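A.B. asks: Generate a structure from the sequence data that follows.
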Amino acid sequence: MAKEPSASIRENPRPILKLANQPALVFAVIFLGIFLLHSPLLGLPYFWDEAGYYVPAARDLLLTGSLIPHTTVSNAHPPLVMAWVALWWKVVGYAPLVTRSAMLMIAAFVLLGVFRLAQVVANVEVAVASTICTAFYPVVFAQSSLAQVDLAAAGLTFWGLCAYLEDRPVAVAIWFSLAALAKETAILAPLAVLMSEFFQRVIPERGRAALQGRVRGVESGWASAPVALTTKRRILPLLGPILPLALWYSYHYAGTGYIFGNPEFFRYNVAATLNPLRFLLALVLRLWQTFGYMHLWLLTASMLLAMLLPPVTDHVGTAAFVRDRVGPRRSLSRAESRGPGQVERSSTGTSRQRISIPAQMVFLAVVKVYVIAMALVGGAVLARYMLPAVPLVIIVAVSTLRRRLRYWIPAVTVIAAAFVAAWFWNPPYGFSPEDNLAYRDYIVLHQDAERFLEARYPMAHVLTAWPASDELTRPWLGYVTRPVQVVRIEDFSLEQVLSAADFRSRYEVALVFSTKVEPLRPLLDRWNSSLGRKWTNLKRRFFGFHRDLPPAAAAQILGGHIVFSEERKGQWVAVIELAKEQVVDAKLVGRGDRESFARALTSHSPPRCYCPTASNTAWLIAYTVPSAPISVGV
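C.D. replies: You can find the predicted model right below:
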């Protein structure tokens with residue numbers, strides 16, 4: 001179902017058109033480009049969820065052939081991406097370079113899917129610009145070499161949408177099934193398309209006629225085929241992905257005794273998120289991640305402003321040519337073409353076309369379903385969960401800019417440059433390190449600290465939190481050369497550090513680090529400090545937000561001193577060596593909230609270490625003799 005190129009392109013053929021018709025060559029160009037851009041990152045050890053789940057799961061598959069991981073608790077994620085990584089380890093060898101190169105192949109295929117989808121719904125120019133913007137978008141760029149499943153699921157979804165718009169039902173079923181086997185939430189896309197199909201059937205006939213358009217100049221199947229035929233060709237393939245996903249969950253249940261991941265995973269991502277207020281807050285965050293996050297607002301704002309302008313009209317004509325009696329064939333000027341005996345030059349005005357309304361409705365349905373579903377479930381409101389939606393927004397925005405701005409290429413260039421700047425520049429609000437190159441800073445910090453710790457305290461028991469606990473106990477993650485004995489706490493909030501002080505005889509060293517990236521003065525606090533405090537309290541209540549104690553405060557509470565520290569762009573890590581001490585007395589004191597407890601911490605003499613009991617409001621005071629007075633700032 002190919003659409004002829006626009007008249008302007010037919011008159012001025014470009015090399016890019018030849019390239020666009022060779023998908024293998026497009027893939028090679030994309031892969032080479034992103035490989036060169038990621039070359040400084042390819043040898044980095046594994047980061048966060050890579051180290052915590054995906055790499056252990058792929059390693060289990062490599063070593064034992066088991067699709068269900070056993071060295072980490074199963075989250076019931078389908079095994080397609082882990083199998084891809086394990087295959088490359090089997091063929092080439094186990095190393096971060098191999099892992100990240102394999103993931104870059106997936107990323108190149110994802111970007112090829114973006115290119116093809118934009119080419120189907122618009123044209124080659126929009127496809128090239130959309131692919132570049134998507135590749136440069138910080139979340140996509142950072143995820144491209146990380147061994148995680150979200151980008152792969154998004155790319156397979158794009159190929160499924162492309163097949164759907166080209167009316168290839170078998171390909172629709174295959175691509176969407178593969179997407180669901182990459183990540184279970186990818187089943188949302190075919191369900192969203194089903195909703196779009198339903199809408200096309202329930203609207204009045206006249207409205208349907210107005211909406212039915214052409215995709216690349218050829219009528220789509222549901223615009224011309226009988227309803228019964230359409231149901232078989234277009235709806236049944238969209239239901240197909242349910243079968244392989246159901247088979248996977250059945251296999252997982254047979255092997256583990258639970259369907260949707262381990263009970264704690266299900267509680268955190270589903271049961272604990274079903275709160276109306278939390279849903280509304282998460283909905284706002286999901287909308288921001290879809291339309292404004294990491295400089296994406298520049299593109300969406302440009303699109304909205306461009307919509308105030310009329311479409312650009314391209315003047316296309318058939319040039320008149322004349323051959324001099326002696327001389328080469330030459331093009332006539334307008335004045336010459338109107339001379340006696342000459343052929344007059346014809347000229348017409350053609351408005352640049354938009355993406356067809358039916359295609360836009362499909363995109364809109366996918367975006368809406370993802371925004372709502374990801375606001376409803378998912379304990380961590382991570383931007384990578386929205387990757388199936390964001391490139392669709394980019395395609396529509398780029399197409400709108402091309403349609404309504406004559407000089408649209410400079411505008412898109414500025415936006416792409418802003419995306420690149422966001423690789424290195426941290427925004428004035430909280431974000432996940434995996435959304436730009438802040439994840440590299442995290443890895444480098446932990447490499448330096450853990451090498452120091454391994455060299456200086458090879459036999460020590462180390463107090464730390466996840467994911468550093470996995471980094472120290474699993475040498476194959478790339479941080480240490482031999483396992484280190486670990487005592488684990490949840491994080492480095494005041495409560496957790498105070499708890500750890502109660503059993504300090506179990507460890508000799510502490511590795512503390514920033515578990516979140518937060519600006520010193522968040523944007524909301526600058527605008528309205530009272531509103532900022534309320535938002536912080538809501539994040540604590542619904543999204544597990546906490547503030548990490550700075551290393552100096554943690555060292556004083558634990559009764560030690562800092563022997564190593566390093567900081568990069570707001571992230572930090574420190575190694576604390578504990579002094580010898582003894583517990584003298586202990587008693588249970590009154591009840592209160594965290595703030596009153598923190599005030600009590602600095603109001604007693606001699607210095608004391610306060611540790612929470614099982615109750616959040618009952619505090620155990622242990623009188624200690626630390627090497628330095630305790631002072632904590634809250």
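A.B. asks: CA atoms for contacts and neighbours, from now on please.
C.D. replies: OK.
A.B. asks: end-to-end on stretch 58-76?
C.D. replies: 13 Å (C-alpha to C-alpha, to the nearest Å).
A.B. asks: ok, residues contacting that stretch?
C.D. replies: 52-53, 56-57, 79, 82-83, 85-87, 89-90, 249, 252, 255, 259-262, 265 (C-alpha atoms under 8 Å, 6 or more residues apart in numbering).
A.B. asks: Now do the buried residues in that stretch.
C.D. replies: Ala58, Arg59, Asp60, Leu61, Leu62, Leu67, Ile68, Pro69, Val73, Ser74, Asn75, Ala76 (16 or more other C-alpha atoms under 10 Å).
A.B. asks: Which parts of this structure are strands?
C.D. replies: Per DSSP state E, the chain carries strands over the ranges 214-215, 218-219, 313-318, 321-323, 329-331, 346-351, 461-465, 485-489, 509-513, 560-568, 571-578, 583-591, 608-612, 618-624.
A.B. asks: Quick one: neighbours of the nearest residue in space to Asp49 that is not next to it in sequence, just the number.
C.D. replies: Excluding the flanking residues, the one nearest Asp49 by C-alpha to C-alpha, 6 or more residues apart in numbering is Gln148, at 7.6 Å. Residues near Gln148, counting by other C-alpha atoms under 10 Å, number 21.
A.B. asks: and the gap between Gln148 and Ile235?
C.D. replies: Gln148 is 30 Å from Ile235, by C-alpha to C-alpha.
A.B. asks: got it, and Ala171?
C.D. replies: Using C-alpha to C-alpha, one obtains 13 Å as the distance from Ala171 to Ile235.
A.B. asks: Same check on Leu181?
C.D. replies: Leu181 is 20 Å from Ile235, by C-alpha to C-alpha.
A.B. asks: wouldn't Pro310 be in contact with Arg402 here?
C.D. replies: No: between Pro310 and Arg402 there is no contact under C-alpha atoms under 8 Å: 11.6 Å.
A.B. asks: who has more neighbours, these two?
C.D. replies: Arg402 (25 against 11).
A.B. asks: elements contacting the longest helix along the chain?
C.D. replies: Looking across the chain with DSSP state H, the single longest helix is helix 96-121. Identification of packing neighbours for helix 96-121 by 3 or more C-alpha pairs under 8 Å, 6 or more residues apart in numbering; DSSP states H and E yields helix 23-38, helix 80-91, helix 124-136, helix 150-165.
A.B. asks: burial count for the residue nearest to Gly560 when sequence neighbours are not counted?
C.D. replies: Leaving aside its sequence neighbours, Gly560 sits nearest to Leu578 (C-alpha to C-alpha, 6+ apart; 3.9 Å). By other C-alpha under 10 Å, 22 other residues sit near Leu578.
A.B. asks: residues touching Leu578, list them.
C.D. replies: Going by C-alpha under 8 Å, 6+ apart, Leu578 touches Glu508, Val509, Ala510, Ala555, Leu558, Gly559, Gly560, His561.
A.B. asks: Tell me if I'm right that the fifth one and Ala501 touch.
C.D. replies: Yes: taking C-alpha under 8 Å as the contact criterion, Leu558 and Ala501 are neighbours in contact, 5.3 Å apart.
A.B. asks: between these two, who's got more neighbours?
C.D. replies: Using other C-alpha under 10 Å as the criterion, Leu558 and Ala501 rank with Leu558 on top: 29 against 19.
A.B. asks: what's the pLDDT at the residue nearest to Met303 when sequence neighbours are not counted?
C.D. replies: Spatially, and ignoring its direct neighbours in sequence, Met303 is nearest to Ala397 (5.3 Å; C-alpha to C-alpha, 6+ apart). With respect to pLDDT, Ala397 scores 98.
A.B. asks: Glu581 too?
C.D. replies: 52.
A.B. asks: next one: Arg533
C.D. replies: Looking at Arg533, the pLDDT reads 84.
A.B. asks: and Leu181 and Ile235? which has more neighbours close in?
C.D. replies: Set Leu181 next to Ile235 and count neighbours by other C-alpha under 10 Å: Leu181 wins out with 24 against 21.
A.B. asks: So for the more buried one, what's the nearest residue that isn't a sequence neighbour?
C.D. replies: Here the residue nearest Leu181, using C-alpha to C-alpha, 6+ apart, is Pro78, at 5.1 Å.
A.B. asks: Let me know whether that neighbour touches Ser250 as I believe.
C.D. replies: No: counting by C-alpha under 8 Å, Pro78 does not reach Ser250; the two are 11.5 Å apart.
A.B. asks: higher neighbour count, the two?
C.D. replies: Between Pro78 and Ser250, counted using other C-alpha under 10 Å, Pro78 has the larger neighbour count: 23 against 14.
A.B. asks: residues contacting the more buried one?
C.D. replies: Ala180, Leu181, Ala182, Lys183, Glu184, Leu245, Trp248 are the contacts of Pro78 under C-alpha under 8 Å, 6+ apart.
A.B. asks: excluding its backbone neighbours, what's nearest the last one?
C.D. replies: Nearest-residue entry for Trp248: Pro78, 6.8 Å, with adjacent residues in sequence omitted and distances by C-alpha to C-alpha, 6+ apart.
A.B. asks: Pretty sure Val390 sits against Phe291.
C.D. replies: Yes: in this structure, Val390 is within contact of Phe291 by C-alpha under 8 Å, at 7.4 Å.
A.B. asks: More neighbours: these two, which one.
C.D. replies: Applying other C-alpha under 10 Å to Val390 and Phe291 shows that Val390 carries more neighbours, namely 24 against 19.
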